[in-house]
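Trainee: From the sequence below, what's the structure:
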Amino acid sequence: MKSRIYFFTAMFIALSLGFTKSAAPANPEKAENFKLKDYNGKEYQLSDFKNSKAVVIMFIATQCPVSNGYNTRMEQLYQDYKAKGITFLGINSNKEESVAEIKTHAKEHDLNFIIMKDQGNVIADKFGASVTPEIYVLNGKLDVLYHGRIDDSRRESDVKEKDLRNALDEILGSKTVSTPTTKAFGCTIKRTS
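Mentor: Model (predicted):
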């Protein structure tokens, strides 16, 4: 009888903890090189930007209201830092958002940074990205220097902490990023599996 109780207790604990497989390691310390095409069909690889002072990878969406709430801020960050040697790359990993939709969305919202389509959410899985917007900042060696949110409020008027901007300023000042991880928030990336 006791062995049966232990068995069911063990099964309950195992089921409570879950056997779900994570899509990718959370918070990778180093990114892998990858190749993706932008919405015009031009192929880029991450190593193309190894001479940048930093590469900002932004997982974004066309249909997510949270990501769309950041369109103006993302474009402003790109405009403010592009001349300082920082590259901005948008990645759309949502299965139901087509290349044509991404192109139209970028034009409608005046997004001028590179935006690439991650077919089958392969790159999102490698990074462990789960929401839009979600940010990774890399150096030329592809070390992850910052991972998390753009700032602390979907509503721009309520922003108190400009986390991404602070991280970029520290990188440009040759400092260690003082807050290398924050909690990203937004819409779940809609994966193919």
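
Trainee: From now on I want contacts and neighbour counts done on CA atoms only, so please keep to that.
Mentor: Will do.

Trainee: Beyond the helix-or-strand element of the chain with minimal mean pLDDT, next helix or strand please.
Mentor: Using mean pLDDT, DSSP states H and E, helix 2-17 stands out as the lowest-scoring helix or strand of the chain, at a mean of 38. Downstream of helix 2-17, the next assigned helix or strand under DSSP states H and E is strand 35-38.

Trainee: That following strand - contacts with which helices or strands?
Mentor: Strand 35-38 makes packing contacts with strand 43-45, strand 114-117 when contacts are defined by 3 or more CA pairs under 8 Å, 6 or more residues apart in numbering; DSSP states H and E.

Trainee: Asp152 versus the residue lying closest to Gly120 once chain neighbours are set aside, what's the distance?
Mentor: Excluding the flanking residues, the one nearest Gly120 by CA to CA, 6 or more residues apart in numbering is Thr192, at 5.7 Å. Thr192 sits 29 Å away from Asp152, going by CA to CA, to the nearest Å.

Trainee: Comparing those two, which shows the higher neighbour count?
Mentor: Asp152 (18 against 12; other CA atoms under 10 Å).

Trainee: Go through the helices and strands packed on strand 35-38 and pick out the most buried.
Mentor: Comparing these by mean neighbour count (mean count of other CA atoms under 10 Å), strand 114-117 comes out on top with a mean of 22.

Trainee: Strand partners (parallel or antiparallel) of that strand?
Mentor: Paired neighbours of strand 114-117 in the sheet (DSSP bridges): strand 35-38 (antiparallel), strand 86-92 (parallel).

Trainee: any idea which helix or strand comes after it?
Mentor: Using DSSP H and E, the helix or strand that follows strand 114-117 in sequence is helix 122-127.
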